[in-house]
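Chemist: Sequence below, structure please.
(2 chains)
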Amino acid sequence: MFASAPATPSVVLSRHPSSLLWRSTLIFPSLGFRSIPSFCWRNQQLFCNRSSPVSVQQLDGFGMDYNPESMDAARIVRELRNTFRSGLTRSVEWRLMQLRSILKLTQEREGDIKEALAKDGDKCSFEAFAGEGRRSILTLLLFRSMQIFVIISSCKLALKELKKWTAPQKVSTTLATYPSTGAIISEPLGVALVISAWNYPFSLSLEPVIGAIAAGNAVVLKPSELAPATSSLLAELIPLYLDTSAIRVVEGGVPETTALLEQRWDKIFYTGNPRIARIVMTAAAKHLTPVTLELGGKCPVIIDATADLNVAAKRIASGKWGLHGGQACIAADYILAENSIASSLIDKLKVTIQEFYGKDPSKSSDLSRIVNTRHFCRLTELLDDIKTSDKIVHGGERDEKRLYIAPTILHDVSIDSPIMAEEIFGPLLPVLTVDSIDEALELVNSRPKPLALYLFTNKKDVKEKVIAETSSGGILINDCFLHFTNSNLPFGGVGESGMGAYHGKFSFDTFTHKKALLSRSFGGENAARYPPYTASKEKLVKCLLEGDYFGLVLFMLGLKS
Amino acid sequence: MGDNPESLDAARIVRELRNTFRSGLTRSLAWRMMQLRSILKLTQEREGDIKEALAKDGGKSSFEAYTGEIGVIISSCRLALKELKKWTAPQKVSTTLTTFPSSGAIISEPLGVALVISAWNYPFSLSLDPVIGAIAAGNAVVLKPSELAPATSSLLAELVPLYLDTSAIRVVEGGAPETTALLEQKWDKIFYTGNPRIARIVMTAAAKHLTPVTLELGGKCPVIIDSTADLKVAAKRIVSGKWGMHSGQACIAADYILAENSIASSLIDNLRATIQEFYGKDPSKSSDLSRIVNTRHFSRLTELLDDIKTSDKIVHGGERDEKRLYIAPTILRDVSIDSPIMTEEIFGPLLPVLTVDSIDEALELVNSRPKPLALYLFTNKKDVKEKVIAETSSGGMLINDCVLHFANSSLPFGGVGESGMGAYHGKFSFDAFTHKKALLSRSFGGENAARYPPYTASKEKLIKCLLEGDFLGLVLCMLGLKS
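Modeler: The predicted model follows:
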């Protein structure tokens, strides 16, 4: 629709891409990443090798020829706010047109998107062994197709349901306000900011944007600088397909994100990790901006003796190594298996790994590689920890050049080892044995609330117990990650795994203010509400407020004192 | 309950409540119902004590004490008791071909240990209404009543342990030091009623622990009135929505009026007549008018009145008596838009009436300011109603009356922007303290080999059909007819 319109140039940043990346990954390694071994951020200070703090001045020494000042975040917000005030984005026609354009963008540019995703998901393998060309073609294909599918189906759903979603929702009224009508109006919040993540850089960017547009907001998208190909593709395509007077892409890393967060937004939607989420929410607090925080966490798998181990092993393997090599916020993080079946489960997992990825998984084209060297090091450090290294019962092989780590199973690692303390976000799967479901629940409940919890059992009472006695963003029984695909279910975390939810109508709701509307006429005056107050007026109002029709009638007949 | 900051061990209280929560006690429906019944009992049995405390704290009349506080809690309890089973029941959702066979539901689970920080103007209902939501949702809860309504605060601190289960429900009295100590703890939910300045502190504290917040704030609630309104009725409803709301000391009290030129004078006349009708020739003698809460607020309000830009705009009232903390119902006409009275929330018995040429001018003015908690519109024109509904943003909106939308528990009550975030009342109170957990349930059957590696082109096609709900394609795939 807007392809031919002369697009307002989206934000042009004068920057040196590599130095920008260098700096942002150093200072805020977790705008997309969870943590790294060589640098970490504690008490507002950056520590190198977990020892001495690194000053920002030191880091500023790394040749920076980009200029954060060239991005005028305040001007962008001002322009978008003007557009929002004009009422343009409130019109349902405009919303539908933009949603259709996102659909068109996704369908027409499927090839470009897949290429960008391949570059980002594969960035380091390209760098490390560019000539080899033996990448996990179909895994990546599925990984890319999945993201494209998610956006296509979200667009289609929003296009189909938007009229219903935006319609005022009638509510019943009470005797106290008789005669009146009541409704809940879904109104846009205003100008929204979406900060996206690197692991699913296309769908995690556009899906919240779909929600923001469907709800009638103007929106700025900040894609992850750690998926640069997808980020720049989005920055190129969005102005071509969408209305730049209301929808913008701002590329960049920490300085740009900081500049954006200083502005007053009407909504901030952040996908990433709990540490940056705290920074986002603190920034939001300055302007009383509501936030949706989509974070991660250690998603446990609980499995008892009644589970079908053959099926469970397949579903767990596909919910671990089949999800971008475990680099997904809802990937299975660790298993709590009942004593009696732990060994048998591990055997089944081993068989399944071989069935899925062959005798030598390093030769499989279906396994994702680790996203970059930093994460590779982080993961091998987890494996090589003194508490962990002798617990490997399967896999453990690695090849730094190819950023490959084999599907790895660890048995009964210590609960206080690093691998059990941080989100793994990679192809390592600890299996812990427990004596009972109660022990498993105690362990799960003593830790931060995860984004997803997976339970494998055939026992009804165990299902009920785990549903009732654990807390997690979502819970899936007898499978992994598939709850993500149901747009009738809210997708979002609780506690350390986030707040707020999206997908389907929940995406619309998360960018919407529910305005209470009560409508009366000038009739129906009731003198009892007005001063001077008397005891009998108070009684009458009491009947009205408490919906006591009988008392009201008695009162009016003068039979109640 | 000691309010000596040193004696307040906030960490210990949270630890104890967290233990109770972990034990599962508060999740039990029976426990929740019992506590709700006890709040009802407390309110009904102690109505006299409560009214007395409210009179001490702000000179609230018995009528207002009932309508604004006691009645609110009674009906909230009753509603929660009646609906709780429905609210807590899993909400079934339909599932898709992708996960066939499966069943899906949304589970309402308690968040954990909640903190409720209440305000002084409706110190009883603003304390217990959120607590009802927290308990109904199965949480443990700490209530911090406002230290600026000391009688009600200490009454709550006395009564809550008598009626409710102290292993899960606590009252902590105190001011800034106690609140600060409380805010340092990790909560699973913070529900704050008050002003935007403190709300920012609360949300910043919450961010440290990723705690979700509901912020119930205020703002300048405008009244827009056009020439088609019934001025007599409108005047009564506005007066009762201003001076009848604790003398304007309510977050949803009318703050200022935007009246169409042609009716402004006539509206002011009607307001004057109504004030006299409601409060007599000398309102200082009326027992139906609340007093200003304290000297600080009294001075703030008189300063607003005495501002050089404002003092000559008084067209009614303006009398004051510092000893009795009394300020007469006061109307000001056409004060400057940049005078202090038009830049801060008035929260008192002063009512500026501004004239506008058109509804458009009114909307422009309203939209250029922070979003209010409530917006009141008086008109008989359908298109004006539609326009104002669509083109303004506010927590709630009420057409042809003031305040009454508050009384409908089917409507969410809460602000937007500077007037707050999140909502409560009725089921919304329950939801404010609830996590909506997605549940998908499958059996071990229904295995579909196409999901698993090694991936092939035909597997990808099959998955595509499954994901897109393409039944026909799926059948063709399975029959090997689709390549």
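Chemist: where does chain A have low pLDDT?
Modeler: Within chain A, the ranges that satisfy pLDDT under 70 run A:1-70, A:121-144, A:555-556, A:558-561.
Chemist: from what I can see, A:Leu476 looks like it's in a strand, true?
Modeler: Yes: residue assignment for A:Leu476, taken from DSSP: H, G, I helix; E, B strand; the rest coil, places it within a strand.
Chemist: what's the distance between it and B:Gly445?
Modeler: In this structure, A:Leu476 lies at 16 Å from B:Gly445, with Cβ to Cβ, to the nearest Å as the measure. Placement of C-beta: from N, CA and C, glycine included.
Chemist: do A:Ala192 as well
Modeler: Applying Cβ to Cβ, one obtains 43 Å for the distance of A:Ala192 from B:Gly445.
Chemist: ok, now A:Asp385?
Modeler: Using Cβ to Cβ, one gets 40 Å for the distance from A:Asp385 to B:Gly445.
Chemist: Could you do A:Arg75 as well?
Modeler: Distance check for A:Arg75 against B:Gly445: by Cβ to Cβ, it reads 58 Å.
Chemist: Figure out the helix or strand that the residue nearest to A:Phe202 when sequence neighbours are not counted lives in.
Modeler: If the residues on either side of it in the chain are set aside, A:Phe202 comes closest to A:Gln147, at 4.5 Å by Cβ to Cβ, 6 or more residues apart in numbering or on different chains. Element membership of A:Gln147, judged by DSSP states H and E, is helix A:137-166.
Chemist: I'd say A:Pro368 and A:Ala331 touch.
Modeler: In this structure residue A:368 is Ser, not Pro. No: using Cβ atoms under 8 Å, A:Ser368 and A:Ala331 do not qualify as a contacting pair, with a distance of 10.7 Å.
Chemist: which neighbours do the two share?
Modeler: Shared contacts of A:Ser368 and A:Ala331 (Cβ atoms under 8 Å, 6 or more residues apart in numbering or on different chains): A:His324.
Chemist: rewinding a little: for the residue nearest to A:Phe202, what are its contacts?
Modeler: Residues touching A:Gln147, when contacts are defined by Cβ under 8 Å, 6+ apart, comprise A:113, A:117, A:200, A:202-203.
Chemist: tell me the two of those that are most distant?
Modeler: A:Ile113 and A:Tyr200 (12.0 Å; Cβ to Cβ).
Chemist: who does the residue nearest to the spatial centre of chain A bridge with?
Modeler: Nearest residue to the geometric centre of chain A (Cα atoms, centre = their mean): A:Glu294, 3.3 Å. As for beta bridges, A:Glu294 partners with A:Thr271, A:Gly498 under DSSP bridges.
Chemist: What residues does the stretch 201-350 of chain A have near chain B?
Modeler: Residues of the stretch 201-350 of chain A lying near chain B by Cβ under 8 Å from any Cβ of the partner chain: A:266, A:274, A:277-278, A:281-282, A:284-286, A:288, A:290, A:293, A:295, A:307-308, A:311-312, A:314, A:317-318, A:322.
Chemist: So which of those residues sit within helices?
Modeler: When DSSP state H defines the helices, the subset of those inside them is A:274, A:277-278, A:281-282, A:284-286, A:311-312, A:314, A:317-318.
Chemist: Whichever of these end up buried, select them in ChimeraX.
Modeler: For anyone working in ChimeraX, the buried entries among those, judged by 16 or more other Cβ atoms under 10 Å in any protein chain shown, can be selected with:
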select /A:274,277,278,281,282,284,285,311,312,314,317,318
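Chemist: Pull the number of nearby residues for the closest residue to A:Ser91 other than its chain neighbours.
Modeler: In space, and not counting its chain neighbours, A:Ser91 is closest to A:Gly216: 7.9 Å by Cβ to Cβ, 6+ apart. By other Cβ atoms under 10 Å in any protein chain shown, the residues close to A:Gly216 number 26.
Chemist: ok, A:Gly216 - contacts?
Modeler: Neighbouring residues of A:Gly216 by Cβ under 8 Å, 6+ apart: A:89-91, A:95, A:166, A:187-188.
Chemist: which of those has the most neighbours?
Modeler: When neighbours are counted by other Cβ under 10 Å, A:Thr89 leads the contacts of A:Gly216 with 26 neighbours.
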